[in-house]
Structure formats: structure tokens, C-alpha cells
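A.B. asks: next come a sequence and a model predicted from it.
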Amino acid sequence: MKRSGPLYTLLGGLLLALFMLSLNATTGTGSSSYGEGSAGAASPAPTSSADPSSAAPSESPSKQPSKDPAKKPPAKAEYAGRTDDDTSAVSISIRDDKAIAYFCDGRDTESWLKGDVEGDGSMRLTGKHGAKLNGTLADDKVRGTVDIDKKTWDFTADRAKKPSGLYRATTQVRGAEIDGGWIVLPDGQQVGILKKDGKPQKAPRLDPETGAVPFDGGDLTARPVVP
């Protein structure tokens, strides 16, 4: 019995050592698992809803609509039309980048204007006594405004073909100064003023084919106007 005591003590110590080793191995695994979920450990970055990689792809430049380059004004063209209130007429003649225009109500108000035509089709023409015409050429017509004597008229002048267009006659008849302007509209109607020594009156009808205008027992000759 005395010899078995130390033996039991040794066996007990071995069992205790095995138990401790097993316990340490178990707690070590648990510590590692806890550390991965702890606040001090790095966690995956959250995915932002504004992440560029998650946004819808932008349209390819090759698929975006392209803008057509601005068309240059014609080198030679005539335009004729009426004001929006149908009280007057406007005609414009273009040669290269120059333009001359005539506004006329057929009674007592008229103005000759001239200026440049820009590459985008816009024009700003000026005349005597502060008269001005601002217009834009597009789709074979000129749309704009005319300002004369503190009055403004909106107008549209369509592309015109001969004999439509702008005509003028300047001469002397029996010592009197004669100055006449005519607008022949696309529908054949005419609007014009003839001045005798500066006094305006309705212009007689001209023959667009010949330019002949009956006046005071004779004939005047009106010619197409170009810049």
C-alpha cells in the first residue's frame, strides 16, 4: 500500500497535465475566432451606393449624337417677304459676305440698309437716321427685325428666284431727282416707293423682265440691286 501511493500520485499528475493541454488547445481556437470578429480587427470596407464602378456605364462617345457644322451663307442669293403684321415688305440681296436690304411700306416709309453677313448666317445691317435690320439666315429664309423711326417690325423673307427680288431706279426727269425702290415678292406682288425730289409716292408697277417703269409720260429703268 505504501508503494502504490506514489504511483497513483504520478498517474494523477499525468492525467492533470493531459487535461490542461487539451484545455489550452480548445481555448486557443476560441480566442482566434473571437479576434476575427472583434472591434479591433480590420473588417471589409462597406460597398458605397455611390461607388463609380457600380454606376451605369456612360454612353460611348461614338454613340453620342454629333452636331452638324453650321452651314455657310450662300455666296449669291435673294430674299423677299413681308412683315409679320403684313403692312410692309423686306428684300435682301447677298453677295459673298455682304448684304443690302430694302424696307418699304408702299406709301411713305422706306429704308435702304447694308452690312456684313457673318459665317453663322447672322447679319446686322444699318441705314440712314439710325435704321437697322437684325436678321439670321437659316433654312433658305431670313428671319429678323427692322427698326425705323422708333418702330419695330418682325419679318420673314424667303429665298427668291428671278424675277422676284430687289430693284431700284435713280435718274433725273425734267430736272427732278427720281429715286425708286421696288420689292417683287415670290407671289408676283410688288411693293415700292418712288420719290420725286424727295417726296414719296406709291411706285408704279415695273416690268420685272425688262425693268421698265412707266412714269410721267415716259419710262424709267429699274435694275436689280446687289451689294
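C.D. replies: On my side now, so go ahead. Numbering: from 1, shown residues only.

A.B. asks: can we go C-alpha only for contacts and neighbour counts from here?
C.D. replies: OK.

A.B. asks: need the contact list for the closest residue to W182 other than its chain neighbours.
C.D. replies: Leaving aside its chain neighbours, W182 sits nearest to G192 (4.2 Å; criterion: CA to CA, 6 or more residues apart in numbering). Going by CA atoms under 8 Å, 6 or more residues apart in numbering, G192 touches C104, D105, G106, R107, G180, G181, W182, I183, K202, A203, P204.

A.B. asks: generate a PyMOL selection restricted to the buried entries among those residues.
C.D. replies: In PyMOL syntax, the buried subset of those is picked out as below (16 or more other CA atoms under 10 Å):
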select buried, resi 104+105+106+180+181+182+183+202+203+204
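
A.B. asks: just the closest of the contacts of G192 to D85, please.
C.D. replies: Comparing the contacts of G192 against D85 with CA to CA places D105 closest, at 11.2 Å.

A.B. asks: mind listing what the residue nearest to R95 when sequence neighbours are not counted touches?
C.D. replies: Distances taken as CA to CA, 6+ apart put K76 closest to R95, at 4.7 Å, once the chain neighbours are dropped. For K76, the contacting residues are S93, I94, R95, D96, by CA under 8 Å, 6+ apart.

A.B. asks: would you list those residues in TSV and tack on neighbour count, distance to R82 and pLDDT?
C.D. replies: TSV is the format used below for the contacts of K76 (neighbours: other CA atoms under 10 Å; distance: CA to CA, whole Å; pLDDT from 0 to 100):
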residue	neighbour count	distance to R82	pLDDT
S93	23	15	97
I94	23	18	96
R95	17	21	95
D96	13	24	90
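
A.B. asks: find me the pLDDT at K199, would you?
C.D. replies: Looking at K199, its pLDDT stands at 95.

A.B. asks: that one: how many residues sit nearby?
C.D. replies: By other CA atoms under 10 Å, 12 other residues sit near K199.

A.B. asks: contacting residues around it?
C.D. replies: Contacts for K199 (CA under 8 Å, 6+ apart) come out as none.

A.B. asks: beta-bridge partners for it, please?
C.D. replies: Counting by DSSP bridges, K199 is bridged to K196.

A.B. asks: again, but for S122
C.D. replies: Residues in beta-bridge contact with S122 (DSSP bridges): T136.
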